[in-house]
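Novice: whatever this is, show me its structure:
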Amino acid sequence: MPANVKDLPRLKRPDVERPGSGIVHLGLGAFYRSHGAIYFYEAMKKSGGDWGIVGVNLMTPPLQREIFEPQGFAYTAVSLAPDGIKPQVIPVLNDVLDAPEDPEAVLTLMADPKIKIVTSTVTEKGYCHFPSTGKLNREHPFILEDLKDPNKPKSAIGYIVRALDRRRKAGIRPFTMMSSDNLPNNGHVVHAVVVELAGMIDPELAEWIEKEVTFPCTMIDRIVPATKPEDIEQVAELTGVYDPVPVMHEPFRQWVVEGKFVDNERPDIGAAGAQLVEDVTPFEHMKLRCLNGTHSSISYLGYLAGKETIFETVSDPVFAAYCKFLWEREIIPAVDAPPGVSLEEYTAALFERYSNPSIQHRTWQIAMDGSQKLPQRILETVAEDLEADRPVPGLSLAIAAWMRYVGGVDERGNPIDVRDPLAEKLKALSDSGETPRKKVEAMVAVDDVFPKVLQENKAFVEGLVSAYEGLVEKGARVMAEQVVA
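Specialist: Residues are numbered from 1 along each chain as shown. Alright, predicted model coming up:
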């Protein structure tokens, strides 16, 4: 292999018939290309149909089209199994558009009657809402931009609303709007913010969306670590070609989808293994609380303790025991299992997934955007536990670890690169508090994160203060050990 992988031949799209485009995806990141895009690709292989995808990059730089176009918009997806890695080429993308470069091209495409479904993975913060209430943040800079010029929206919500408006005015049936983000009731969340923004533009548009557009809820599950330069080199060594945009993922995957589509037009994702159900809620609660809740908890504590990855964190017997404690004592009691599912077996399988040495999922990556993630991943569980008089020392420690993390300094005094929409505000609140108590009280008062029921629970706040003090005095590992003891 040449010293520079860029000297290898470029990945080429397989010489197979290209389907027509029926799906637009907003937020073309690694997760979607490792999950939803593969389901759609496999559905077409089994059942046919014009369900090719046009990906839309909403943020720039970097420009994505110039990266994907030389390889025919194909990319390599790599399954990271404990017994070895398995690459496959995915030729499901027909094009990639960079929205900031050409917003008109994106709106024209979304308004095309051939497009039946719009999907999105823009992360929690991409919906420009308040996670604690689900309401649209009308003062969000992106929303303010969305209102200025109908031909140059900024947010995913802005593109959705303006494209639907074009279809309404042209007498074209709407597309199905399907979120693939880790949000509880994600379809309901997107529905609410889309209708609210539409109402600010034209009440008749909002009424039409309410009547005609469907927003199916979904539950998605697959661990997808960020692609690193060494991953690109490894893929090149395996395949003999250069692909600058491979995606790495665990073998496990799950997609539970509410079967509500406009005019019932959709690819046969059931043939590819997706579960089409009437109610996603029990699957969603199980995953958000059991997987995402522990993922966030051990990422903050693990990072503070100097652990770089989830695998490294759960390889430590203290954090392994802490993770299992959370499931047994605080999370499973607050979860209603979906029909036919054993939560004990589900969480045991989760631990095996965390323990996969081939998955190097960085604690820093999972720790991003905690202010947007904590309400649904942890705080809802805490509120239900407290309502049922169940103690929450483990989850309180996780919340305190988040508070220390957003303070921007780890246990060794090193700076933390905190990535969060509220990073500046949270850092200022942390800095303004001279004692752990003052820091905790200042951050608990942030309405964008903490619901009133927790803000006003004195015992809960005292537990956070005690946990924060312990983190400062003893460190994350000792505190996790004490919780389990």
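Novice: CA only for contacts and neighbour counts going forward, please
Specialist: Fine.
Novice: so P216 sits in a helix?
Specialist: No. P216 is assigned coil when assessed by DSSP: H, G, I helix; E, B strand; the rest coil, not a helix.
Novice: how many residues are close by it?
Specialist: 25 (other C-alpha atoms under 10 Å).
Novice: and what of N151?
Specialist: When neighbours are defined as other C-alpha under 10 Å, N151 has 17 of them.
Novice: who are the contact partners of it?
Specialist: The neighbours of N151, taking C-alpha atoms under 8 Å, 6 or more residues apart in numbering as the test, are 103-104, 107, 162.
Novice: got a winner among those residues for most neighbours?
Specialist: Busiest of the contacts of N151 [other C-alpha under 10 Å] is R162, holding 26 neighbours.
Novice: report pLDDT for that residue.
Specialist: For R162, the model assigns a pLDDT of 98.
Novice: what sits closest to it if chain neighbours are left out?
Specialist: Excluding the flanking residues, the one nearest R162 by C-alpha to C-alpha, 6 or more residues apart in numbering is P150, at 6.4 Å.
Novice: next structured bit after the host helix or strand of A401?
Specialist: Applying DSSP states H and E as the criterion places A401 in helix 393-406. The helix or strand immediately downstream of helix 393-406 is helix 423-432, counting by DSSP H and E.
Novice: now do whichever helix or strand comes after that next one: distance to the chain's middle.
Specialist: Once helix 423-432 ends, the next helix or strand along the chain (criterion: DSSP H and E) is helix 436-444. Between the centre of helix 436-444 and the centre of its chain there are 28 Å (C-alpha atoms, centre = their mean, to the nearest Å).
Novice: would you convert the contacts of N151 into CSV that also reports distance to V341 and secondary structure?
Specialist: Shown next, in CSV, are the contacts of N151 (distance: C-alpha to C-alpha, whole Å; DSSP: H, G, I helix; E, B strand; the rest coil):
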residue, distance to V341, secondary structure
P103, 45, helix
E104, 46, helix
L107, 42, helix
R162, 41, helix
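Novice: out of those, who's nearest V54?
Specialist: Looking at the contacts of N151 and their distance to V54, the nearest is L107, at 12.3 Å (C-alpha to C-alpha).
Novice: give me the pLDDT for that closest one.
Specialist: L107 is given a pLDDT of 98.
Novice: hmm, A163 and it touching each other?
Specialist: Yes. With contact defined as C-alpha atoms under 8 Å, L107 counts as touching A163 (5.5 Å).
Novice: where along the stretch 201-350 of the chain do the strands fall?
Specialist: For the stretch 201-350 of the chain, the strands defined by DSSP state E, counting those that start in this stretch cover 218-221, 247-249, 254-258, 275-277.
Novice: elements contacting the first one?
Specialist: This means strand 218-221. strand 254-258, helix 281-286 (3 or more C-alpha pairs under 8 Å, 6 or more residues apart in numbering; DSSP states H and E).
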